[in-house]
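*Asks:* Compute the structure for the input listed below.
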Amino acid sequence: MKKRTTILRIDTPYRRLIPFKTLLVGTFLLMATGLSAQRAVVKDSLSGLIQDARTGAPIAAARITVINKAASAVSDAQGRFTIALTSDNDVLNVQAYDYNTVEVPARGRRQLTILLNSEVFTPSFTTTMTLTGPQPRSRQVTAATTLRQLNDLNHLAADELIQGELGADVRGSSRSGQPGMGASLFIRGIHSLNANAQPLFVVDGVIWDNQYDVVSVQDGFFINSLVNIDLQDIETITVLKDGTSLYGSKASNGVILITTKRGKDPVTKIGLNVLTSFTTAPRSLPMMDGESYRLYATDMYGSMGYSGAQMAQLGFVQQNPAHPQYNVYHNNTDWNDQTYQQGRSNQYLIDVTGGDEKAMYYFSVGMTNGSSVIKETDFSRVNTRFNTDLKLLRNLDLGVNVGFTRLERTLQDDGINFYSSPTWLAKIKSPIVSPYGFTQQGEITPDYADTDALGIGNPIQVLLRSLNSTKTYKMNVNIAPVYRLKKHFTLTTVFDYNFYKGVERRYVPMKGTTARPIEGKGFSENELNSQVMRNTSFFSDTRL
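*Replies:* Alright, predicted model coming up:
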């Protein structure tokens, strides 16, 4: 132990002499303080054995550290180790390759046998991302769940992944079958019919605007901000039941923290990720076939008081193959098969990470494209991200996050829309009619049919003739300096600039659709809509 020399300097005003009694008492107190400081650093040793919990075999090269202390040790070939302690209340953190980390309190013991379980089991001692930064889960008092291993990367948005992986903590409802449309998430349930009950999303310390109040010109389309983040750029996703202590009432529905990847190792690494996934077409509701529907329609018309002569004039009741209307209404069309297809998605991402003792960086470029389960719809995304951590001064660090995403979609109206939603028309369209038109002599043509006798449009015409698209651009620049005033006392500031632009165009064709009534005006044969949205926001968060 090195000896420390302490110089006591006493400055007295007016150059007055210090009484001997006062100097003696001060010297005694200084000596007592030195003795107590020496006692505080007196170390006791603890010996132990690291073993496999299943086989009992010794584990070599396990790292043992005292939490919040500088002491550490490594187990030998027989799994034995010896480590110095400064208190009977010290806690050991034990880590080994292919095993889960454990924390073991010393509790005054001098001999320990520590059993490690394989990493295939759920870990108990991990680091959880909280509102104030990463914290050990063993000392976390708030309800939080962290997702670290993103195994299911087939999704295009983080909320879709959360719905599948964290279903026990977050209740989710898919908005649509369109790619990247996301899901409505609820941590504390739906407790309001009008107000938003979804959680607050915080990405790299910045609150993201989910634009719940923005209405799209496209029926059934939702703007999902989380689709601007590639899942392969995400490091962790943490679900917090409550965040009002820091963010106020806007976090009363819970908080979802998302952190993106950063450079950790100075060794330069280049990664290539290629993923292809398929989405099967949705199953149709149980429907009547053509013959069953024809009998049902005949009974319905008979119950409405139609006479036999009137019924004979209806085209779908004709049983003579030579009749011109026979081929028009003797079909068995599966409109669900005409509207849906197998979806496909291709994802490519190249990332580079590395750095040195002064700067660490992470850079990625990704591209995603594919088709939806609805015919004539597709999805395209190009994204890039650059994160770096710089050591500017001895006590000053700087984190920089830059992200850019460009999205482009070809869409169709979705949901309950009698005029322009092909998915809804496929549900209400009669199976006895054909997608193609017929001549007056009852001969089929290569042209697709217009609306039928019941005024229901042709979903295939809507799919082929609609011109619906949306393009969005999102860019954010995040600067986060950290100044360390003392060892456990820091001043941090997060400043974020965010730019968002969305361009939407929608055209409903005249051919194959029903005219839409306009109150007080008449009828609309077709429809044209467009919308341009721009949003520039600044975010700042300073903490001491």
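
*Asks:* drop to CA atoms for contacts and neighbour counts, all remaining ones
*Replies:* Will do.

*Asks:* Where does pLDDT dip in this protein?
*Replies:* Low-confidence segments of the chain (pLDDT under 70): 1-43, 122, 125-143, 191.

*Asks:* So what does the spatially most central residue of it have for phi and psi?
*Replies:* Taking Cα atoms, centre = their mean, the centroid of the chain lies closest to Ala158, which sits 1.8 Å from it. Note on Ala158: backbone dihedrals following degrees, to the nearest 10 are phi -70, psi -30.

*Asks:* next one: Asn89
*Replies:* Backbone torsions of Asn89, given as degrees, to the nearest 10, read phi -100, psi 10.

*Asks:* How many neighbouring residues does it have?
*Replies:* Look at Asn89: counted by other Cα atoms under 10 Å, it has 12 neighbours.

*Asks:* for Ala480, same thing?
*Replies:* Other residues within reach of Ala480, judged by other Cα under 10 Å, total 20.

*Asks:* Show me the beta-bridge partners of it.
*Replies:* Judged by DSSP bridges, the bridge partners of Ala480 are Gly399.

*Asks:* ok, it - contacts?
*Replies:* Ala480 is in contact with 398-400, 492-495, counting by Cα atoms under 8 Å, 6 or more residues apart in numbering.

*Asks:* mind running it again at 6 Å?
*Replies:* Counting by Cα atoms under 6 Å, 6 or more residues apart in numbering, Ala480 touches 398-399, 493-494.

*Asks:* Which member of those residues is positioned nearest Thr298?
*Replies:* Checking the contacts of Ala480 against Thr298 with Cα to Cα, the nearest one is Val494 at 69.9 Å.

*Asks:* ok but that closest one is inside a strand, no?
*Replies:* Yes: under DSSP: H, G, I helix; E, B strand; the rest coil, Val494 sits within a strand.

*Asks:* and the nearest residue to Gly455 once chain neighbours are set aside, how many residues sit next to it?
*Replies:* The spatial neighbour of Gly455 that comes closest, neighbours along the chain excluded (Cα to Cα, 6 or more residues apart in numbering), is Thr514 at 6.3 Å. Residues within reach of Thr514, counting by other Cα under 10 Å, total 22.

*Asks:* Over to Thr514: give its phi and psi.
*Replies:* Dihedral angles for Thr514 - degrees, to the nearest 10 - are phi -90, psi 140.

*Asks:* any idea how far it is from Gln338?
*Replies:* 19 Å (Cα to Cα, to the nearest Å).

*Asks:* Help me confirm that Leu49 comes into contact with Ile83.
*Replies:* No: the criterion here is Cα atoms under 6 Å, and Leu49 misses it with Ile83 at 11.5 Å.

*Asks:* From the contacts of Ala480, pick the one nearest Met360.
*Replies:* Closest approach between the contacts of Ala480 and Met360, by Cα to Cα: Gly399, at 9.6 Å.

*Asks:* tell me the contacts of that closest one?
*Replies:* 388-389, 479-480.

*Asks:* Can you tell me which of those residues is closest to Ala71?
*Replies:* Asp389 (27.6 Å).

*Asks:* now that closest one, what's its secondary structure?
*Replies:* strand.

*Asks:* how many neighbours does it have?
*Replies:* Neighbour tally, Asp389, other Cα under 10 Å: 21.
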